[in-house]
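Peer 1: I would like the atomic coordinates for the input below:
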Amino acid sequence: MKISLFGVRELLESLRWGRERLGIDIDGHSVRMVRLDHGLEGGFRIVSFGQLDVDLFHSNLLEKQRFKLSVKQLGGGIDRIAANIEHPSLRVRRMTFAKMPERDILEAIRWNFREYIEGPIDKYVVGFTLLDDVFSEGKLTLMAYGLAADALDEHLKLLKSLGLRPISLEPSGSALMASFRANGILEDGKRHVCIAFSDTTAIFSVMKGRSLLFCRPLPGSSNDALARLVMRNLNLDNEKAKKAIQSWMAGATDSASSEEGLMRRIQTTVGHFYSQLMIEIQRSIDAYCIMYGVDRVDTIHVCGMAVFYPGLVDHMRSTLGIETSVFNPFERLMEPHRQTPEIMKAAPLYAVAVGLAIP
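Peer 2: Next up, the predicted model:
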């Protein structure tokens, strides 16, 4: 079950099968959208998808109009949307309680969250999903979610101001699990790690069967974090740093000595970024293993912009010693005749949006 941070009524609404919605991944400087419908065999298939380079929270009137037009074109008139919410106040924790009614569980979650947040707990919205694959005799083990109420209100206000009907807001981690399940990846009983890179965050999740077992951000590992590192080390402004990173990602090799020197300096900076990233990933793996009393994870999947970082997936595989691959959310949800090289190359960017589009 996917978690909604709305409340009971909206959660029940979001769980009704057969009602289309548009999945909207709000990712810092860009927005990605996916529309699904039921295929002939009862699964899902991708109807439309697209990306718009816009920061919705700091957009002007023209940019908002462009966004509305994109939603209209991709959604085919659907105004029901599910969006992700990543905010500094978001907390995700595993908790175990004695069996009790749902209302009491929510109160117990609020009580337990007090040590992880700043400010009064009554200003937080909480929710949970049961961990079906974790057995505790006589007890309930669950993944608890908490978010500052004003952050939730801010997201809802923005979406409604754009003429949309938000029926679900959820963390990217639970959307990724829905995307993995739709692609049949979680049916093998293995512990799957997903690392999803966005403009502002990098999310580390562990999934198995029907459960999201562990989820946390990786500090200093987002696309913006890499840009800031390049800005500092190469003494470039933000715009020039982003252009330099794009050239590096495209494998640009200019014969001009100044350009060659710039690429070498970027490679050095990226090497430091990769090394710190491996440390953060290993720390997260260790934290998960300690929490669940296991000695390893089985496989790592990478999605988001970082799949285009030269050599990153191979570097993860060799450094961490764990099978690592790119997660393609379109692989089983798109008809083969539509799977052009260009579409399949871009597909890992839509992992969160695909999960959001699944009822």
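Peer 1: Would you state the helices of this protein in chain order?
Peer 2: Taking DSSP state H as the criterion, the chain contains helices spanning 8-14, 61-75, 102-113, 149-161, 172-182, 223-234, 238-249, 257-292, 312-320, 341-346, 351-357.
Peer 1: Could you list every helix and strand in contact with the fifth one?
Peer 2: The one in question is helix 172-182. strand 22-27, strand 80-84, strand 192-197, strand 202-208, strand 211-217, helix 351-357 (3 or more C-beta pairs under 8 Å, 6 or more residues apart in numbering; DSSP states H and E). Yep, even glycine has a C-beta here, placed from its N, CA and C like the rest.
Peer 1: how about those in JSON lines, adding mean neighbour count and distance to residue 52?
Peer 2: Compiled in JSON lines, the helices and strands packed on helix 172-182 are given as follows (neighbours: other C-beta atoms under 10 Å; distance: least, C-beta to C-beta, whole Å):
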{"stretch": "strand 22-27", "mean neighbour count": "26", "distance to residue 52": "10"}
{"stretch": "strand 80-84", "mean neighbour count": "24", "distance to residue 52": "14"}
{"stretch": "strand 192-197", "mean neighbour count": "25", "distance to residue 52": "19"}
{"stretch": "strand 202-208", "mean neighbour count": "24", "distance to residue 52": "21"}
{"stretch": "strand 211-217", "mean neighbour count": "23", "distance to residue 52": "24"}
{"stretch": "helix 351-357", "mean neighbour count": "30", "distance to residue 52": "12"}
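Peer 1: Redo the ones you listed as CSV? Include distance to residue 242 and mean pLDDT.
Peer 2: CSV is the format used below for those (distance: least, C-beta to C-beta, whole Å; pLDDT from 0 to 100):
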stretch, distance to residue 242, mean pLDDT
strand 22-27, 15, 94
strand 80-84, 23, 93
strand 192-197, 15, 97
strand 202-208, 17, 95
strand 211-217, 22, 93
helix 351-357, 22, 96
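Peer 1: Residue 112: which of those is closest?
Peer 2: Among the helices and strands packed on helix 172-182, the nearest to residue 112 by C-beta to C-beta is strand 211-217 (16.3 Å).
Peer 1: ok, back up a step: hey, which of the helices of the chain is tucked in deepest?
Peer 2: Counting by mean count of other C-beta atoms under 10 Å, helix 351-357 has the highest mean neighbour count of the helices of the chain, with a mean of 30.
Peer 1: what sits up against that one?
Peer 2: The contact list for helix 351-357, computed with C-beta atoms under 8 Å, 6 or more residues apart in numbering, reads 2, 21-25, 27, 32-36, 44, 46, 49, 82-84, 168, 170, 172, 174-180, 182, 194, 196, 198, 303-304, 327, 329-330, 333.
Peer 1: how about 6 Å then?
Peer 2: By C-beta atoms under 6 Å, 6 or more residues apart in numbering, the residues outside helix 351-357 that reach it are 23, 25, 32, 34, 36, 82, 84, 172, 175-176, 178-179, 303, 327, 329.
Peer 1: Which one of the helices and strands packed on helix 172-182 lies nearest to residue 137?
Peer 2: So among the helices and strands packed on helix 172-182, strand 211-217 is nearest, using C-beta to C-beta, at 17.4 Å.
Peer 1: Wait, residue 128 touches residue 144, no?
Peer 2: Yes. Using C-beta atoms under 6 Å, residue 128 is in contact with residue 144, at 4.8 Å.
Peer 1: thinking again about what came up before, nearest to residue 139 among the helices of the chain would be which one?
Peer 2: With C-beta to C-beta, the closest approach to residue 139 among those belongs to helix 102-113: 11.5 Å.
Peer 1: What is that closest one packed up against?
Peer 2: Judged by 3 or more C-beta pairs under 6 Å, 6 or more residues apart in numbering; DSSP states H and E, the packing partners of helix 102-113 are strand 124-130.
Peer 1: Check which helices and strands the strand it packs on is in contact with.
Peer 2: Contacts defined by 3+ C-beta pairs under 6 Å, 6+ apart place strand 124-130 against helix 102-113, strand 139-148.
Peer 1: Mind listing the strands that strand pairs with, and their directions?
Peer 2: In the sheet, strand 124-130 lines up against strand 139-148 (antiparallel) (DSSP bridges).
Peer 1: sorry, back to before: for the helices and strands packed on helix 172-182, please prepare a markdown table with the additional fields distance to residue 293.
Peer 2: Below are those laid out as a markdown table (distance: least, C-beta to C-beta, whole Å):
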| stretch | distance to residue 293 |
| --- | --- |
| strand 22-27 | 34 |
| strand 80-84 | 31 |
| strand 192-197 | 17 |
| strand 202-208 | 13 |
| strand 211-217 | 12 |
| helix 351-357 | 28 |
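Peer 1: For residue 58, find the nearest of these.
Peer 2: Nearest to residue 58, of all the helices and strands packed on helix 172-182, is strand 22-27, at 11.9 Å by C-beta to C-beta.
Peer 1: Please identify which of the helices and strands packed on helix 172-182 is closest to residue 120.
Peer 2: With C-beta to C-beta, the closest approach to residue 120 among the helices and strands packed on helix 172-182 belongs to strand 211-217: 23.5 Å.
Peer 1: Contacts for the closest one next, please.
Peer 2: Residues from elsewhere that reach strand 211-217, judged by C-beta under 6 Å, 6+ apart: 92, 131-133, 143, 173-174, 177, 201, 203-206, 288.
Peer 1: what does stretch 266-274 give?
Peer 2: The contact list for stretch 266-274 (C-beta under 6 Å, 6+ apart) reads 226, 229-230, 233, 244, 248, 315.
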